[in-house]
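Engineer: Fold the following.
(chains A and B)
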Amino acid sequence: MTKNWKTVFNPFERYAEKDLAIAGVISLLLSVLLFWWAGQTNDGVYHVSPKAGLSLTGAVSEAVVCTLLLCGLLSALGKTINPRTRIIDVLNATLIHRIPLTFGILILQLPFIKSVMDQILQAVKNNRLETLSGSALWISTAVGLLMMAFLVYAIVLLVNGFRTAVHARKAIHYLGFAAALIVAELIYRLLFYPQLLKL
Amino acid sequence: MKLPIYCPSCENPLKVSQLKCDACNTQVNGNYELPLYLKLSRDEQDFIMEFFLASGSIKEMSKQAGISYPTMRNKMDDMIEKIKKMTSND
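Structural biologist: Presented below is the predicted three-dimensional model:
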């Protein structure tokens, strides 16, 4: 793999922690504004739903809690695997990996995609799926695949960031990583999100 | 000239069997182990030298190499592990 492609999939190998942290914090702030403007709520660490009237405080809290929860769990795992793991490296991986996810939400706000999504939601609501046009189905399939690609890219970034920060080499380390993501999703949905809904 | 450390024929580690004084032509024969540092590859020897010249600062080394701190630290950990294995095998 060329150096440039390697950087696309693992920027943590090349860039200094300060540059990554700046990029991560800026992207987090932009994602907060985007979620607030688009009325999208993080009802799971890796799940987004529309929510009318989402407050800015709510959007900020969701983004911060998602990031810190994932970072906390991965840092604890990282310190167990390699005591020399630095929290800043894990935090950077957690922040940077959200960029493709945010980009995905931005694409969903494009007017022609939004109108197709509205058509599908309306058809599902009225139980009239047969009324959907062929183009609407093609667009929704393409968007679905694109969102899947963004999710895969985000996970690849997180895995590479974690691997670089922790120096993970064994299969058990990656099993722990997968378990941490599942635990983060469960904790967020069951404990934190019900509280965040009140904001 | 690059010092060979493995036998080109059977790939086992080589030993020093002769040393020579260039001034008086005295030759010493024996069966000496190569020092640990010389048993490392050229890249690994360069890495250790760079670490020494950077006053033992991984941060400084990573800056000079244009890679991140954890990547450099991981490289260092791999080398420490390799040297520990080599010394425990001796």
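Engineer: Where does the prediction get shaky in chain A?
Structural biologist: A:1 (pLDDT under 70).
Engineer: please redo it, this time with the cut-off set to 80
Structural biologist: A:1-4, A:199 (pLDDT under 80).
Engineer: where does chain B come near chain A, residue by residue?
Structural biologist: Along chain B, the residues adjacent to chain A under the rule C-beta under 8 Å from any C-beta of the partner chain are B:62, B:63, B:66, B:67, B:68, B:69, B:70, B:71, B:73, B:74, B:77. For the C-beta atoms, the positions are set from N, CA and C on the backbone; glycine is no exception.
Engineer: Buried ones among those?
Structural biologist: Neighbour counting with 16 or more other C-beta atoms under 10 Å in any protein chain shown marks B:62, B:67, B:68, B:69, B:70, B:71, B:73, B:74 as buried within the residues of chain B next to chain A.
Engineer: ok, then the element right after the host helix or strand of residue A:95?
Structural biologist: Using DSSP states H and E, residue A:95 sits in helix A:87-96. Moving toward the C-terminus from helix A:87-96, the next helix or strand (DSSP H and E) is helix A:98-108.
Engineer: Next, the buried residues of the next helix or strand after that following helix.
Structural biologist: Proceeding N to C from helix A:98-108, the next assigned helix or strand is helix A:111-125, under DSSP H and E. Neighbour-count burial for helix A:111-125, counted by 16+ other C-beta under 10 Å, picks out A:113, A:116, A:117, A:119, A:120.
Engineer: Please export the C-alpha coordinates of helix A:111-125 as PDB.
Structural biologist: Extracted C-alpha coordinates of helix A:111-125, given in PDB (Å, rounded to 0.1, in the frame of the first residue of the first chain):
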ATOM      1  CA  PRO A 111     -32.100  18.000  -0.900                       C
ATOM      2  CA  PHE A 112     -32.600  15.200  -3.500                       C
ATOM      3  CA  ILE A 113     -31.600  12.500  -1.000                       C
ATOM      4  CA  LYS A 114     -33.700  14.100   1.800                       C
ATOM      5  CA  SER A 115     -36.800  14.100  -0.500                       C
ATOM      6  CA  VAL A 116     -36.300  10.400  -1.400                       C
ATOM      7  CA  MET A 117     -35.900   9.500   2.300                       C
ATOM      8  CA  ASP A 118     -39.100  11.500   3.100                       C
ATOM      9  CA  GLN A 119     -40.900   9.700   0.200                       C
ATOM     10  CA  ILE A 120     -39.800   6.300   1.700                       C
ATOM     11  CA  LEU A 121     -40.800   7.300   5.200                       C
ATOM     12  CA  GLN A 122     -44.200   8.400   4.000                       C
ATOM     13  CA  ALA A 123     -44.700   5.200   2.000                       C
ATOM     14  CA  VAL A 124     -43.800   3.100   5.000                       C
ATOM     15  CA  LYS A 125     -46.200   5.100   7.200                       C
END
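Engineer: now for it, which elements pack on it?
Structural biologist: When contacts are defined as 3 or more C-beta pairs under 8 Å, 6 or more residues apart in numbering or on different chains; DSSP states H and E, helix A:111-125 packs onto helix A:98-108, helix A:134-166.
Engineer: From the chain's centroid, how far away is the helix or strand just after the longest one?
Structural biologist: Downstream of helix A:134-166, the first helix or strand assigned by DSSP H and E is helix A:171-187. When C-alpha coordinates are averaged (C-alpha atoms, centre = their mean, to the nearest Å), helix A:171-187 and its chain have centres 15 Å apart.
Engineer: if we can go back for a sec, which ones among the residues of chain B next to chain A are found in strands?
Structural biologist: Among those, DSSP state E puts none in strands.
Engineer: Just put those in TSV and tack on pLDDT.
Structural biologist: Converted to TSV, the residues of chain B next to chain A look like this (pLDDT from 0 to 100):
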residue	pLDDT
B:62	94
B:63	92
B:66	91
B:67	93
B:68	96
B:69	96
B:70	96
B:71	95
B:73	95
B:74	95
B:77	94
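Engineer: Pull the most distant pair out of the residues you listed.
Structural biologist: The two members of the residues of chain B next to chain A with the most space between them (C-beta to C-beta) are B:66 and B:77, at 19.6 Å.
Engineer: Now for residue A:36: which residues touch it?
Structural biologist: The contact partners of residue A:36, by C-beta atoms under 8 Å, 6 or more residues apart in numbering or on different chains, come to A:54, A:55, A:56, A:58, A:59.
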